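Undergrad: this is a predicted model, with the sequence first.
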Amino acid sequence: MSHKAPEPGTAVPFSRAGRSGLVLPRLSLGLWQNFGDSTPFAAQRELVLHAFERGIVHFDLANNYGPPPGSAEASFGRLLSGDLRGHRDELLISTKAGYRMGPGPYGEGGSRKYLLSSLDASLRRLGTDHVDVFYSHRFDPTTPLHETIGALATAVTSGRATYAAISSYSAERTAEALAVADDLGLPLVLHQPSYSMLNRWIEAPGPDGRSLLDVVGDAGTGLVVFSPLAQGVLSDRYLDGVPADSRAARGVSLRKEHLAPENLARVRALREVATGRGEPLSRTAIAWTLRDSRVTSVLVGARTVEQVDENLAALDSPPFSQDELAAIDAVTTEPGPDGAPRPLNTGVNIWAARSSDL
């Protein structure tokens, strides 16, 4: 049974990805941890269809999303062949490959063999002949960058992907990837890094003095940022302890050490800013990631339709005043060697080691 498309007036605003022809909704739905066999399919169905009805048409996946790995794509494939049948051209579906998906030397990384075989497996799980965006999920220091980007080019020229993109590459590696892609005649239309008020690494200058924001801005590449709530830290959820059903309690992506007293003190200070704006901290946190015009879209995760609606409300948040931005900077930055403010390392960026050749 086909599902109804977004009604006029309910669609979220769209933004262009850099200087490309691709536009994305300002808020997109990530299907990382609340999708797959560990969640009842009825709940997954309700979540995706509600998001679609509200105007969220970009759904972000990866080969290893679930749990178990692969099950998020399989679940979304069921929706594509069911309720979303007939709406494929209205959707923007992205997937990725790079992290561990299978055993042996061909089960992760950035090799041509892994990336293309993984993409083919993703297409089978999704039940479609192409994805709209295919990402190199992480930089692989063991594979020549020319091979990794070349595999993305093959994905596009073969029709298995419409656009190519990268995720969690450092500013330096991003500049190198863009240069290789340019030599191959391949536009890298998107970069997907983590970004939040507690994880501002994309603002930090790289070896050439440019931040990741600067690199993608100069190249005309769009940004889709994920984890705007720092895995839930930027909410009231953890201020009075760790709930038994939380990510921190399960030790999944968010670890208890991320809830150190100094981080919780920062969260309380940021909540005061949000209270002054007349909105919950989660809404302020999402709106803050979109304040920079170089950010095309923010990826949010949700467990319930109510959370989808709350996240969408951030698109109606008022602009930030200079005083509000200064108050946020006061607890999330520190002076650099030159005296200019630099992002404070709060330890929340769990993807940092995969962003370079460490």
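TA: Thanks, I have it.
Undergrad: wait, a helix at Gly159?
TA: No: counting by DSSP: H, G, I helix; E, B strand; the rest coil, Gly159 is located in no helix; its state is coil.
Undergrad: for it, give its distance to Ser317.
TA: Gly159 is 40 Å from Ser317, where distance means CB to CB, to the nearest Å. Every C-beta, even on glycine, is put in place using the N, C-alpha and C of the backbone.
Undergrad: and those two? Which one has more around it.
TA: The residue with more neighbours, out of Gly159 and Ser317, is Ser317; 18 against 9, by other CB atoms under 10 Å.
Undergrad: what helix or strand does the nearest residue in space to the more buried one that is not next to it in sequence sit in?
TA: Excluding the flanking residues, the one nearest Ser317 by CB to CB, 6 or more residues apart in numbering is Ala287, at 3.7 Å. According to DSSP states H and E, Ala287 maps onto helix 281-289.
Undergrad: name the helices or strands packed onto that helix?
TA: Under the contact criterion of 3 or more CB pairs under 8 Å, 6 or more residues apart in numbering; DSSP states H and E, helix 281-289 touches helix 261-277, strand 295-300, helix 305-313.
Undergrad: out of the ones you listed, flag the one nearest Gln192.
TA: Taking CB to CB, strand 295-300 is the member of those nearest to Gln192, at 7.4 Å.
Undergrad: contacts for the closest one, please.
TA: With contacts defined as CB atoms under 8 Å, 6 or more residues apart in numbering, strand 295-300 is touched by 15-18, 24-30, 58, 60, 190, 192, 195, 222-229, 286, 289-290, 308, 311.
Undergrad: check contacts around the residue nearest the centre of the chain.
TA: For the chain, Phe226 is the residue whose C-alpha lies nearest the centre (CA atoms, centre = their mean; 3.0 Å). The neighbours of Phe226, taking CB under 8 Å, 6+ apart as the test, are Gly30, Asp60, Gln192, Pro193, Ser194, Tyr195, Val298, Leu299.
Undergrad: find the nearest non-adjacent residue to it, please.
TA: Looking at Phe226 with CB to CB, 6+ apart, the closest residue is Leu299, at 4.1 Å.
Undergrad: any idea how far the one you found is from Pro103?
TA: 29 Å.
Undergrad: those two: which is more packed in?
TA: Between Leu299 and Pro103, Leu299 has the larger neighbour count (other CB under 10 Å), namely 24 against 8.
Undergrad: run through the bridge partners of that one.
TA: Beta bridges link Leu299 to Ser28 when assigned by DSSP bridges.
Undergrad: what about it, distance to Asp323?
TA: Here the criterion is CB to CB. By it, Leu299 lies 29 Å from Asp323.
Undergrad: so Gly206 touches Arg173, yeah?
TA: No: taking contacts as CB atoms under 8 Å, Gly206 lies outside contact range of Arg173: 9.1 Å.
Undergrad: circling back to that earlier point, looking at the helices and strands packed on helix 281-289, which is nearest to Asp83?
TA: Closest to Asp83 of the helices and strands packed on helix 281-289, according to CB to CB: helix 305-313, at 14.6 Å.
Undergrad: let's see that closest one as PDB, backbone CA atoms only.
TA: Taking C-alpha atoms only, helix 305-313 is exported to PDB below (Å, rounded to 0.1, in the frame of the first residue of the first chain):
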ATOM      1  CA  VAL A 305       7.200  10.400  16.300                       C
ATOM      2  CA  GLU A 306       7.100  12.900  19.100                       C
ATOM      3  CA  GLN A 307      10.900  13.200  18.900                       C
ATOM      4  CA  VAL A 308      10.600  13.800  15.200                       C
ATOM      5  CA  ASP A 309       8.200  16.600  15.700                       C
ATOM      6  CA  GLU A 310      10.300  18.100  18.500                       C
ATOM      7  CA  ASN A 311      13.400  18.000  16.200                       C
ATOM      8  CA  LEU A 312      11.500  19.700  13.400                       C
ATOM      9  CA  ALA A 313      10.500  22.500  15.700                       C
END
